[in-house]
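Asks: model this:
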Amino acid sequence: VSDVDTISDIKDIRTSIVRSTKTTYQEIMANAKQGDIFTITPFDMTELAAINTTAQPGATPATTATVAQNYKVYSIPVEIPQDPNLVDGDYQLLLEISDTAGHMSTQVLPIHIGKAATGDVNGDGKINMLDVILAYQIANGKITPTQSQIEAANLDGKGNITMLDVVLLFNKVNNK
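Replies: Residues are numbered from 1 along each chain as shown. You can find the predicted model right below:
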């Protein structure tokens, strides 16, 4: 959002979660059906002054030609509601922020609700060779895993994904 020099420039913050494989706000909104989007408790703008603000150094204001060197980072607490329709799985957190100048910024952040099944690295609800291949790619640094992939592929419980985890998962898939 541009023109947010102080907390008071923020007009509205809205958050919601949606179960979707889409990664952009436009794709998610174009494909969402009734009941897919869960609205999180609206952010209380009176609590805005209590948000932790970290100023970043710099003196150049944002323009259309340059990236702003003077910006602030705001930590916004988000509480996910208890809802029986929110089953364990991967979701997208939609963050919409509007400022007093009428600008709106949208962000899509992947989140996981619940605990991933040990071995279900790709999150499709099954444990099979696709998970072994994905764990192998993670162990070899070919892809950067999500937190839920790390939790699912960490069969030895040591926190990082190694070839031992790949072998353990392979044996699990092959019932050895």
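Asks: ok, and the helix or strand in this structure with the lowest average confidence?
Replies: strand 53-55 (a mean of 48; mean pLDDT, DSSP states H and E).
Asks: where do the helices sit along the chain?
Replies: Along the chain, counting by DSSP state H, helices occupy 25-31, 129-139, 147-153, 163-173.
Asks: report the inter-axis angle for the last one versus helix 129-139.
Replies: Think helix 163-173. On the basis of axes from the mean of the first three to the mean of the last three Cα atoms, to 10 degrees, helix 163-173 is oriented at 180 degrees to helix 129-139.
Asks: show me what contacts V132?
Replies: Counting by Cβ atoms under 8 Å, 6 or more residues apart in numbering, V132 touches 166, 169-170, 173. (C-beta placed from N, C-alpha, C; glycine too.)
Asks: repeat that with 10 Å
Replies: V132 makes contact with 119, 121, 153, 165-174, according to Cβ atoms under 10 Å, 6 or more residues apart in numbering.
Asks: hmm, which of those are the buried ones?
Replies: Taking 16 or more other Cβ atoms under 10 Å as the criterion, what is buried in the contacts of V132 is 119, 121, 153, 165-170, 173.
Asks: from those, pick the one nearest H112.
Replies: Taking Cβ to Cβ as the measure, H112 sits nearest to V121 out of the buried ones among the contacts of V132, at 12.4 Å.
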